[in-house]
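In: generate coordinates for the sequence data below:
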Amino acid sequence: MEDIIHRLAKNVRKERLKQRLTQADLAEKADLHNNYIGLIERAQCNISISTLEKLSKAFGLGSEELIK
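Out: Next comes the predicted model:
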């Protein structure tokens, strides 16, 4: 079974590409560092709930959409 960190990583990358955003574009929209976006997409870090909120707002989605 895929763990939540890998599921989130996959969903963030998939949504970013769907919206035709670069990692830098997403980082700017979410007020995060673009290197951090790369870490998230490679499942190399645990993110906080506030970071999940920033990402979901940047995408125009609910938080649950990124972790389902």
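
In: so who does Leu21 touch?
Out: Listed by CB atoms under 8 Å, 6 or more residues apart in numbering, the contact partners of Leu21 are Lys29. C-beta here means a position set from N, CA and C on the backbone, and glycine is covered the same way.

In: tell me the SS of it?
Out: Here Leu21 is recorded as coil under DSSP: H, G, I helix; E, B strand; the rest coil.

In: per-residue confidence at it?
Out: pLDDT, Leu21: 98.

In: do the same with Ile40
Out: 97.

In: and whichever strand or helix holds it, what other elements does it pack with?
Out: Assigning secondary structure by DSSP states H and E places Ile40 in helix 34-41. Judged by 3 or more CB pairs under 8 Å, 6 or more residues apart in numbering; DSSP states H and E, the packing partners of helix 34-41 are helix 4-18, helix 23-30.

In: wait, isn't Leu66 in contact with Asn11?
Out: Yes: judged on CB atoms under 8 Å, Leu66 makes contact with Asn11 at a distance of 4.9 Å.

In: who has more neighbours, those two?
Out: Leu66 (22 against 18; other CB atoms under 10 Å).

In: quick one, what contacts the more buried one?
Out: Counted by CB under 8 Å, 6+ apart, Leu66 has contacts 8, 11-12, 15, 52, 55-56, 59.

In: rerun at 6 Å
Out: 8, 11, 56 (CB atoms under 6 Å, 6 or more residues apart in numbering).

In: same thing with Ala27?
Out: 33-34, 37.

In: Lys54: neighbour count?
Out: By other CB under 10 Å, 19 other residues sit near Lys54.

In: how many neighbours does the closest residue to it other than its chain neighbours have?
Out: Leaving aside its chain neighbours, Lys54 sits nearest to Ala30 (4.3 Å; criterion: CB to CB, 6 or more residues apart in numbering). When neighbours are counted by other CB under 10 Å, Ala30 registers 22.
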